[in-house]
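K.L.:
just the structure for this:
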Amino acid sequence: MNYRLSYTLPLFCLMAWFGNLFPHQAQAEKKRPNVLFIAVDDLRTQLHCYGDEKMVTPHIDSLAADGVLFKKHYVSNPICIPSRAALLTSIRCERTEQAYGPAKWIELDGVSTIGRTFGNAGYMTASLGKIWHTVGTLPEEKADQFDVIWKRADGDIYTDPKLSKLREELDYGDKARTREIKAQLPAAEGPFDVPDEAYGDGLMVPEVIKLMQQAVDSGKPFMFMVGFQKPHLPFNAPKKYWDLYDPADLPGTPTLEDLPEGASKFQRRTNHELWRYSEGFSLNQPPRGEAAARLRHAYAACISYVDAQIGKIMAALNKMNLREETIIVFWSDHGYQLGHLGSWTKLTNLEMTAGSPLILSVPGFAQGQISEKPVETVDLFPTLLDLCGLPPLPVTDGVTLRPLLVDPNSKDWNEAAFHVVRRGGKSVGRAVRDEQFRYVEWRKGWNESSELIEAELYDYARHPEERINVINDPEYSQEVKRLAKLLWSLNL
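P.N.:
Residues are numbered from 1 along each chain as shown. Presented below is the predicted three-dimensional model:
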């Protein structure tokens, strides 16, 4: 059974590198494929192609029709900074003990980053929008290396510049002033009758298209990472996307208003992120009724807005005759509860936030297929190198997904997915997800030697809606032992 042992391959990488320096003539004449990596912030699997028939997402659906949709894709840590660090280095948060804050991966020897790696291989590289999410002393230009880094203008999250400027004045150390400011800030702005370019995601699209043309003119393959901010809070999108949905019949999976029976107390989240955008929401009481419906309406509108921007990029790609030589990845850094299980945020070891959409559309491989096999974000960097004929990473915690692009439900795929959440700087929940179960251990530290606080087991064959923690059911005693052993099998 191959359960994701991380590995270091110095000799193999050296051999592969020399092999690429002196390729056969046929390979030398063949241009490497382009890579268009589309990242979407805070997007759960609320898409038409994932089974939500009320959602209007034709362009994302088209990507799924041209590739493989992964139903069981899991991020390394369901919050922006660590999830994106795992994507862009292929290093697990369990290895780095990355939770939030300053980057931890830079402390490890031999770690590669995606922009620098593709750039060194002769690709034109670009990072547009939200790709790396770094804080502290490691800005993106030091975290990685791209030929072009494009960021949206500061303060464009609201259509009204006065609101954007007001939010910049927030000082959480001054509670009175913070309340005064937030009372004027709508958490779900709109709908305003404005063009797509009123927000940063719409402004970014022409930049992407311009860079694609530059790559064509240069004759170099490109690796562009395009990061959409929506549907991250505040949930604002132009009116025409709000109008796609009936407020009385909104999309979205059925919402359970409390945690699963027997769930760990650590799975409960406050509404801190929502509260940061408006004083109108409580930290501990989730929105209900009309307020909840408006937020869900706004979230759906944001998804359709992003889908439309993706459609513009795809139209340009087709017009330039690049589609058949371009690998496309569609990915989100984590899911989002949106009121499900009593939470309006992310960062839980549960399905709705640990899982996120993943579609790989690769010319010459499977099309219109759905994979039920567990895969991870750390797999994407190794997969792209493999598909582009580049040397493997010297240090990685991922594996190539090529076998699942050939046979999306291969019986030879024995991988499980691992993810982690930290609570309050002390308690750490490490989890493993196979095809049927999720097993979670909450400990007072990152290691197996740390004190065990409690554990959880969810059986998705019997309870697909995650309604009950079955850890104390004697029927599952052997599964608990198996999964506990698997959880700590990683060679980090």
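
K.L.:
wait, S278 sits on E189?
P.N.:
No: between S278 and E189 there is no contact under Cβ atoms under 8 Å: 9.8 Å. To be clear about C-beta, it is placed using only N, CA and C from the backbone, and glycine gets the same treatment.

K.L.:
so these two - more neighbours on which side?
P.N.:
Just comparing S278 and E189: by other Cβ atoms under 10 Å the higher neighbour count belongs to E189, 21 against 18.

K.L.:
for the spatially closest residue to the more buried one that is not a sequence neighbour, what are its contacts?
P.N.:
Spatially, and ignoring its direct neighbours in sequence, E189 is nearest to N236 (3.8 Å; Cβ to Cβ, 6 or more residues apart in numbering). Going by Cβ atoms under 8 Å, 6 or more residues apart in numbering, N236 touches I157, Y158, T159, A188, E189, G190, F192, Y199, K230, A298, C302.

K.L.:
neighbours around the fourth one, how many?
P.N.:
Here the number of neighbours of A188 (other Cβ under 10 Å) works out to 23.

K.L.:
doesn't Q46 fall inside a helix?
P.N.:
No: assigned with DSSP: H, G, I helix; E, B strand; the rest coil, Q46 falls outside any helix and is coil.

K.L.:
and it, backbone torsions?
P.N.:
For Q46, the backbone dihedrals (degrees, to the nearest 10) come out as phi -90, psi 70.

K.L.:
then Y299?
P.N.:
Dihedral angles (degrees, to the nearest 10) for Y299: phi -60, psi -50.

K.L.:
from the contacts of N236, which land in helices?
P.N.:
A298, C302 (DSSP state H).

K.L.:
E376 and K481: what is the separation?
P.N.:
E376 is 23 Å from K481, where distance means Cβ to Cβ, to the nearest Å.

K.L.:
next one: T45
P.N.:
31 Å.

K.L.:
okay, those two: which has more neighbours?
P.N.:
T45 (22 against 10).

K.L.:
where exactly do the helices run in the stretch 101-250 of the chain?
P.N.:
114-120, 140-143, 161-168, 175-182, 200-218, 239-242 (DSSP state H, counting those that start in this stretch).

K.L.:
out of those, which is closest to S264?
P.N.:
Minimum separation from S264 across the helices of the stretch 101-250 of the chain (Cβ to Cβ) falls at helix 175-182, 30.5 Å.

K.L.:
tell me the most buried of the helices of the stretch 101-250 of the chain?
P.N.:
Highest mean neighbour count among these (mean count of other Cβ atoms under 10 Å): helix 114-120, with a mean of 21.

K.L.:
now for that helix, which elements pack on it?
P.N.:
Applying 3 or more Cβ pairs under 8 Å, 6 or more residues apart in numbering; DSSP states H and E, one finds that helix 114-120 contacts helix 80-89, strand 124-129, strand 222-228, helix 380-387.

K.L.:
switch those over to a markdown table; also include mean neighbour count, distance to D41 and mean pLDDT.
P.N.:
Formatted as a markdown table, these follow (neighbours: other Cβ atoms under 10 Å; distance: least, Cβ to Cβ, whole Å; pLDDT from 0 to 100):
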| stretch | mean neighbour count | distance to D41 | mean pLDDT |
| --- | --- | --- | --- |
| helix 80-89 | 26 | 7 | 96 |
| strand 124-129 | 24 | 9 | 96 |
| strand 222-228 | 26 | 6 | 98 |
| helix 380-387 | 22 | 16 | 98 |
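
K.L.:
before we move on, back to that, if you average pLDDT over each of the helices of the stretch 101-250 of the chain, which is lowest?
P.N.:
Confidence, taken as mean pLDDT, is least for helix 140-143 of the helices of the stretch 101-250 of the chain (a mean of 64).

K.L.:
I figured Q98 hits I81, correct?
P.N.:
Yes: if you go by Cβ under 8 Å, Q98 and I81 touch, sitting 7.5 Å apart.

K.L.:
switch the helices and strands packed on helix 114-120 over to CSV; also include distance to T345.
P.N.:
Putting those into CSV (distance: least, Cβ to Cβ, whole Å) gives the following:
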stretch, distance to T345
helix 80-89, 12
strand 124-129, 21
strand 222-228, 19
helix 380-387, 24
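
K.L.:
which among those is found nearest to E107?
P.N.:
helix 80-89 (11.8 Å).

K.L.:
which residues does that closest one contact?
P.N.:
39, 41, 75-77, 91-93, 96, 98-101, 103-105, 111-115, 131-135, 143-144, 331, 333-334, 377-378, 380-381, 397.

K.L.:
and these, which of them are buried?
P.N.:
Buried members of these, counted by 16 or more other Cβ atoms under 10 Å: 39, 41, 75-77, 91-93, 96, 98-99, 103-105, 111-115, 131-134, 143-144, 331, 333-334, 377-378, 380-381, 397.

K.L.:
which of the residues you listed fall within strands?
P.N.:
A39, W331 (DSSP state E).

K.L.:
how about the strands of the stretch 351-492 of the chain, start to end?
P.N.:
358-361, 369-371, 375-376, 395-396, 417-423, 427-433, 437-443, 452-459 (DSSP state E, counting those that start in this stretch).

K.L.:
out of these, nearest to T255?
P.N.:
strand 452-459 (17.7 Å).

K.L.:
average model confidence for the closest one?
P.N.:
98.

K.L.:
just checking, what packs against it?
P.N.:
Counting contacts by 3+ Cβ pairs under 8 Å, 6+ apart, strand 452-459 is packed against strand 437-443, helix 477-487.

K.L.:
pull the distance from it to the chain's centre.
P.N.:
Averaging C-alpha positions (Cα atoms, centre = their mean, to the nearest Å) puts strand 452-459 24 Å from its chain's average.

K.L.:
stretch 353-368 too?
P.N.:
13 Å.

K.L.:
repeat that for stretch 266-283.
P.N.:
21 Å.

K.L.:
what's the closest non-adjacent residue to the residue sitting nearest the centre point of the chain?
P.N.:
Nearest to the geometric centre of the chain sits D333, at 1.6 Å (Cα atoms, centre = their mean). Residue nearest to D333 in three dimensions, not counting chain neighbours: S83, with 4.2 Å by Cβ to Cβ, 6+ apart.

K.L.:
what separation is there between that neighbour and S371?
P.N.:
20 Å.

K.L.:
could you do K210 as well?
P.N.:
Taken as Cβ to Cβ, the span from K210 to S371 is 34 Å.

K.L.:
low pLDDT regions in the stretch 1-150 of the chain?
P.N.:
1-29, 135-142 (pLDDT under 70).

K.L.:
and if we set it to 50?
P.N.:
1-2, 5-29 (pLDDT under 50).

K.L.:
contacting residues for the residue nearest to the centre of the chain?
P.N.:
Shown in contact with D333 (Cβ under 8 Å, 6+ apart): A39, V40, D41, D42, V75, I79, C80, S83, R84, L87, S356.
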